[in-house]
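J.: show me the folded form of this:
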Amino acid sequence: MARRTARLLLSRGRILTAVLIAGLVLLQGGCSSVFFYPDSITYVTPDRLNLDYEDVYLDTADGEKLHGWWLPAQADGGAALGTVYFLHGNAQNISSHILNVAWLPKEGYNVFTIDYRGFGHSTGEADIEGALHDVETGFRWLVDRDGVADKPVHILGQSLGGALGVALASEWVQRQERPALDSIVLDGTFSGFRRIAREKLDAFWMTWPFQVPLSWTIPAEYEGLDRIDDISPVPVMVIHSVRDGIIPFHHGVALYEAAGEPKRFLRTDTGHGATFVIPAYREAVLEFLAEDGVR
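T.: Next up is the predicted model:
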C-alpha cells in the first residue's frame, strides 16, 4: 500500500512538474504562442492563380523588413473600383491565405496584403505589438501609392487579421487620418485578445491555471469590443459562421453589438476561414463595398 501511495505521489508530482514547466514557458513568451503560428513555406503564388502581382518589401521603424503582395484590379477597360487591404489569419503566411482574396481583382478591386513579422518572408519574431505596428506600416504604404487614395479604401481582416484591423481602423478614424477609410469587413474575428486567450487556455487542463495571469500580459487597450465603436461612422460588416470551430459564433455577435452604426451582420455556415468559397457570401461583401465605399 505504501508503494502504491508513493507511486501515486510520484505520478502526481510529475504531472505538477509538467504543468509548472508549461506555465513557465507560456509566461516567458506571454500569449504570443496562442495567436501566432507562422511558417515560411510558399504554398502558392498569385501567378499560379492567373493574377498579376508585385512583390513589395517594406522597412519598419524598428528595423524589420516586411513582405507583401500587390494585386492590381483586372478591370475591363476601366479604373479600379477601389482597394482592399487584406489582413490574414494567425497561421502559415500570405501564400496560404491568398485564395481568400484572389477573386477580388476580377471584381475590379486592387488587393494589398502583407505578412506580419515572423511570417513568410518577413523578418523578426511574431508578437502582438509588432503585428499592430506592421499593419499600420503596410496601410501607410498602401494609401501613399499612386491612385489608391483617389478611390475607396477598405480593410478586410480574417480571424487574427480582423482583430488587428479593428485596432488599426479605430486609431485611423480617431486620429482623423487621410485618406479616410471607407469600410472594414471582419470575418471570423474574435472579440478581444484577452477574451480569446482565456477561452483557449481554459480549454486545456495544463494551461487552465494560467488563463488569467497570461491574459494579463496582453495590454487591455487592444480589446476589439472596446475599440470597434471608435470606427463609426465608417461602415462595419461583421461576418461569422455558426459552424466556426476555431472562433465561436458568440464573438462575432458581440463585436456586431458593440459596433456603432452603420453596421451589417452576415451569418454564415462554413468552416473557419472558408467564407469566400461560397459565391453568395462573396456577393454580399461586394454589395457592402459598393454601397458603403462611395466617396
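J.: Pro248 - nearest residue in space that isn't next to it in sequence?
T.: Closest residue to Pro248 in three dimensions, ignoring its sequence neighbours and counting by CB to CB, 6 or more residues apart in numbering: Glu199, at 7.6 Å. Bear in mind the C-beta positions are built from the backbone N, C-alpha and C, glycine included.
J.: quick one: pLDDT of that neighbour?
T.: On pLDDT, Glu199 comes in at 76.
J.: shouldn't it be within a helix?
T.: Yes: counting by DSSP: H, G, I helix; E, B strand; the rest coil, Glu199 is located in a helix.
J.: list the contacts for Glu126?
T.: For the record, residue 126 is Ala, not Glu. Taking CB atoms under 8 Å, 6 or more residues apart in numbering as the criterion, Ala126 is in contact with Ser32, Phe35, Phe36, Pro38, Tyr116, Arg117, Gly118, Phe119.
J.: any idea which of those the model trusts least?
T.: Lowest pLDDT among these: Ser32, with 56.
J.: picking that back up, just the ones in strands from the contacts of Ala126, please.
T.: In this view, the contacts of Ala126 that belong to strands under DSSP state E are Pro38.
J.: and the helix or strand containing His250, C-alpha only, in CSV?
T.: Assigned by DSSP states H and E, His250 belongs to helix 249-258. Only the C-alpha atoms of helix 249-258 are listed here, as CSV (Å, rounded to 0.1, in the frame of the first residue of the first chain):
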residue,chain,number,x,y,z
PHE,A,249,-20.0,32.4,-33.1
HIS,A,250,-20.7,34.5,-29.9
HIS,A,251,-17.5,36.5,-30.7
GLY,A,252,-19.0,37.8,-33.9
VAL,A,253,-22.3,38.6,-32.3
ALA,A,254,-20.5,40.5,-29.5
LEU,A,255,-18.5,42.6,-32.0
TYR,A,256,-21.5,43.4,-34.0
GLU,A,257,-23.5,44.5,-30.9
ALA,A,258,-20.6,46.7,-29.8
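J.: list the helices and strands it packs on?
T.: Where contact means 3 or more CB pairs under 8 Å, 6 or more residues apart in numbering; DSSP states H and E, helix 249-258 is packed against helix 224-227, strand 236-241, strand 263-268.
J.: give me the residues contacting it.
T.: For helix 249-258, contacts defined as CB under 8 Å, 6+ apart pick out 166, 186, 188-191, 195-196, 224-226, 228-229, 238-242, 244, 263, 265.
J.: ok, and for it, which residues are buried?
T.: When burial is assessed from 16 or more other CB atoms under 10 Å, helix 249-258 yields the following buried residues: His251, Gly252, Ala254, Leu255, Tyr256, Ala258.
J.: mind checking the SS state of Asp55?
T.: The three-state label for Asp55, taken from three-state DSSP, comes out as strand.
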